[in-house]
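Engineer: Curious how this folds, go ahead:
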Amino acid sequence: MLKFDDDDTSEVSKESGFTSDELGGKHKRVNADDKRLINCNAVDVNQLMPLKYKWAWEHYLNGCANNWLPTEVPMAKDIELWKSNVLSDDERRVIMRNLGFFSTAESLVGNNIVLAIFKFVTNPECRQYLLRQAFEEAVHTHTFHYVVESLSLDQGEVFNMYNEINTIHEKDKFEMKLTEDIMRDGFSTATPEGAQKFLENLIGFYVIMEGIFFYSGFVMILSFHRQNKMTGIGEQFQYILRDETIHLNFGIDLINGIKAENPEIWTPEFQKHIVELIRQAVELEYHYAVDCLPRGILGLSAPMFREYVQYIADRRLERIGLKKQWNSRNPFPWMSETIDLGKEKNFFETRVTEYQTAGSLTW
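Structural biologist: Here you go, the predicted model:
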């Protein structure tokens, strides 16, 4: 059973993180040891100090050090190229499919943070980062609107692809199911089953959506950038990738922290279920790659993406304490400087970091 530091003399709102004493105006001095990531009834949500989860605060500071807006990126060259006859139909298809997927996926992540995760993460350091991440998701959604507007694309076509393109719809439906479950009336993380369902949501959005689904899209768009095509969109995707790397690292720290504080929920059966979810996600992403790349372009082909997505998924599994499933290799070695997590520092030393406004990243 999950254990909580219950005060026998006071009623507890486990979702808000307040005790009745605090709600009544009697404020207790908080120790760092009193804090928990979920199911904390001893800590006022405004009690940021003393910090317990310094990793959460570091992720917050890293995010703040890298403010950017899409309107800072010039799009003149992209507009000229898009209006020309230089791009093939297959190249245009890849760009359109990725704009269609990301335009809704980023808003799904933002909705999940605000409507689901924030409610049940009772730690103020983590909530501080979640507020920062929610803002960044809004910036990313703004980015796709900016691109669509700049290129004079059909807004309805792009933003409605999640309804009209099956491979995008299936990925979005996969993620929305995870949010739907924890938004049901009466949902609570106070039971082992509820805590597991919440952890499933975190893995579904941080590990699968941001750590797997997004990464093949980054590969496709950065392939254009690498060949000096659609460089404005490519630069914006570099900024998004930098943000998503921090999102992924925060999410994995949060997942592993909840596991450590609630070891009874990380059962062999639940681990098997998570592996199966990630296996499903890998297949969904492969089908999306087939849809985007019916024929090879820019040195990319759909079969290469099956191998790459398996490679990325294995790395994500290892970071949450699960075994590799595929042992696939990275078929795109040129991406080691910009995408692979093992090369994060090299990526963050490239041109994109010139936009840092308040400090520099330290890894």
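
Engineer: Centre of the chain to the strand or helix carrying Gln133, how far?
Structural biologist: Following DSSP states H and E, one finds Gln133 within helix 124-150. On the basis of Cα atoms, centre = their mean, to the nearest Å, helix 124-150 is displaced by 11 Å from the centre of the chain it belongs to.

Engineer: next one: stretch 285-301
Structural biologist: Relative to its chain's centre, stretch 285-301 lies at 22 Å (Cα atoms, centre = their mean).

Engineer: That stretch - what's its average pLDDT?
Structural biologist: Average pLDDT, stretch 285-301: 94.

Engineer: which residues sit against it?
Structural biologist: 88, 90-91, 93-94, 97-98, 101, 165-168, 170-171, 212-213, 216, 219-220, 223-224, 226-227, 302, 305-306, 309 (Cβ atoms under 8 Å, 6 or more residues apart in numbering). The C-beta positions use only the backbone N, C-alpha and C, and glycine is treated the same way.

Engineer: Can I have the buried ones of those residues as a ChimeraX selection?
Structural biologist: Buried members of the contacts of stretch 285-301, defined by 16 or more other Cβ atoms under 10 Å, are picked up in ChimeraX with:
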select :91,93,94,97,98,101,165,167,168,171,212,213,216,219,220,223,224,302,305,306,309
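
Engineer: now, which of the contacts of stretch 285-301 lie within helices?
Structural biologist: Mapping these onto helices (DSSP state H) picks out 90-91, 93-94, 97-98, 101, 166-168, 170-171, 216, 219-220, 223-224, 226, 302, 305-306, 309.

Engineer: how about the CA coordinates for stretch 307-321, as CSV?
Structural biologist: What follows is stretch 307-321, C-alpha atoms only, in CSV (Å, rounded to 0.1, in the frame of the first residue of the first chain):
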residue,chain,number,x,y,z
GLU,A,307,15.6,0.9,-37.2
TYR,A,308,16.1,4.5,-35.9
VAL,A,309,12.9,4.5,-33.8
GLN,A,310,13.8,1.2,-32.3
TYR,A,311,17.2,2.6,-31.5
ILE,A,312,15.7,5.6,-29.8
ALA,A,313,13.1,3.5,-28.0
ASP,A,314,15.8,1.3,-26.5
ARG,A,315,17.6,4.3,-25.1
ARG,A,316,14.4,5.6,-23.5
LEU,A,317,13.7,2.2,-22.0
GLU,A,318,17.1,2.0,-20.4
ARG,A,319,16.7,5.5,-18.9
ILE,A,320,13.6,4.4,-17.0
GLY,A,321,15.2,1.1,-15.9
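
Engineer: Okay, buried residues for it please.
Structural biologist: So for stretch 307-321, counting by 16+ other Cβ under 10 Å, buried means 307-317, 319-320.

Engineer: would you turn the residues you listed into CSV with distance to Glu175 and pLDDT?
Structural biologist: CSV is the format used below for the buried residues of stretch 307-321 (distance: Cβ to Cβ, whole Å; pLDDT from 0 to 100):
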residue, distance to Glu175, pLDDT
Glu307, 23, 96
Tyr308, 20, 94
Val309, 16, 96
Gln310, 20, 97
Tyr311, 22, 95
Ile312, 17, 93
Ala313, 16, 97
Asp314, 21, 97
Arg315, 20, 95
Arg316, 15, 97
Leu317, 18, 98
Arg319, 20, 97
Ile320, 17, 98
